[in-house]
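Visitor: okay, predicted coordinates and the sequence, questions at the end:
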Amino acid sequence: MTERGKIREIKGDQIIILPDISTACFGCMEAECKSKRSFINAINPKALPLAIGQTVEFRAPDVSILGQSVTALLPPVLGFILGFFLTRIFFPNTSEGAAVFMGVIKLFVTAFIVYKLRKKFPAKEHPRYIEQIVNSH
């Protein structure tokens, strides 16, 4: 996902960016960004001529996005499967609808647990990569 922000500081190859919260982020609705208003660390692999105050577009590495997606989506799916099959194993006379219901409950419980764990232990922050300069100042 490509985001925008203004360069606040340049320290060697590290660029500190204040993200533009007016650009919509569908995935998280930027609730965390709005409450914390934190800075983003980025690097400039394309060696663009950067200056403080410029608006730039930056993005997270694809590996980071993939890793976050897998850790967010896989556990709830596995929770559903586990809930469904454990219900069928421990209660063999249970209808398929009841097993699905238990799977859905396990899906939501697992999603809630993953959410709480991510809040307590956030994912390691990977530096973003500056893609292009949007404007000079």
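Guide: Perfect, thanks for sending it. Numbers count the residues shown, from 1 in each chain.

Visitor: of all residues in this structure, which one is nearest the centre?
Guide: Centroid-nearest residue in the chain, with CA atoms, centre = their mean: Gln68, separated by 5.6 Å.

Visitor: surely that residue and Ala123 touch.
Guide: Yes. Gln68 lies in contact with Ala123 (CB atoms under 8 Å); the separation is 5.7 Å. The way it works is simple: take the backbone N, C-alpha and C, and place the C-beta from them, glycine included.

Visitor: and Leu107, how far is that from Lys11?
Guide: 44 Å (CB to CB, to the nearest Å).

Visitor: quick one: which of these two has more around it?
Guide: Using other CB atoms under 10 Å as the criterion, Leu107 and Lys11 rank with Leu107 on top: 20 against 8.

Visitor: so who does that one touch?
Guide: 76-77, 79-80, 83 (CB atoms under 8 Å, 6 or more residues apart in numbering).

Visitor: can you give me how far stretch 52-72 is from the chain middle?
Guide: Its chain's C-alpha centre and that of stretch 52-72 lie 8 Å apart, by CA atoms, centre = their mean, to the nearest Å.
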